[in-house]
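> Okay, predicted coordinates and the sequence, questions at the end:
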Amino acid sequence: VSDCGQVANDVEVEQIVHDEAGGGEEGALASYVQMRGSIPTYWSQETSMTAPKPPIVISRVDPTYRATEKHFADLFNRYASPICVLNLVKQRERRPRESVVGEDFRRAVEYVNGTLPWEHK
């Protein structure tokens, strides 16, 4: 994550459904937006030709998760509330790798969620 809250691999997909039978003469529209991207905490992973699964390192300690807060503030600005967060990172591994950044993300979301105004919870 950058200090501004921007993440790598930021991808947005929107599905729009038109129901011709509902909503009067023109039908009804519904939209669902899914956004995915890298975990918005400070972590890094060195690329290596000799290590197919290089270790993931928490590269900077941010006890107030400022960059994570900025990331979610941007999401609230773009999409409004509610925002549903789904963590797809492995939680259990023989040798902790992805779970390290997954645990940091869990702590970040808990912290940020605790600081949100009521209308965003």
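In hand now; what should we look at? Numbering: from 1, shown residues only.
> isn't there a strand covering residue 29?
Yes - Residue 29: assigned to a strand according to DSSP: H, G, I helix; E, B strand; the rest coil.
> In contact with it: list those residues for me.
Applying C-beta atoms under 8 Å, 6 or more residues apart in numbering, we find residue 29 in contact with 16, 17, 18, 19, 23. To be clear about C-beta, it is placed using only N, CA and C from the backbone, and glycine gets the same treatment.
> Residue 102: how many residues sit nearby?
Residues lying near residue 102 (other C-beta atoms under 10 Å) number 21.
> and it, what helix or strand is that in?
According to DSSP states H and E, residue 102 maps onto helix 98-115.
> Pick out whichever of the contacts of residue 29 sits closest to residue 73.
The nearest member of the contacts of residue 29 to residue 73, counting by C-beta to C-beta, is residue 16 at 26.0 Å.
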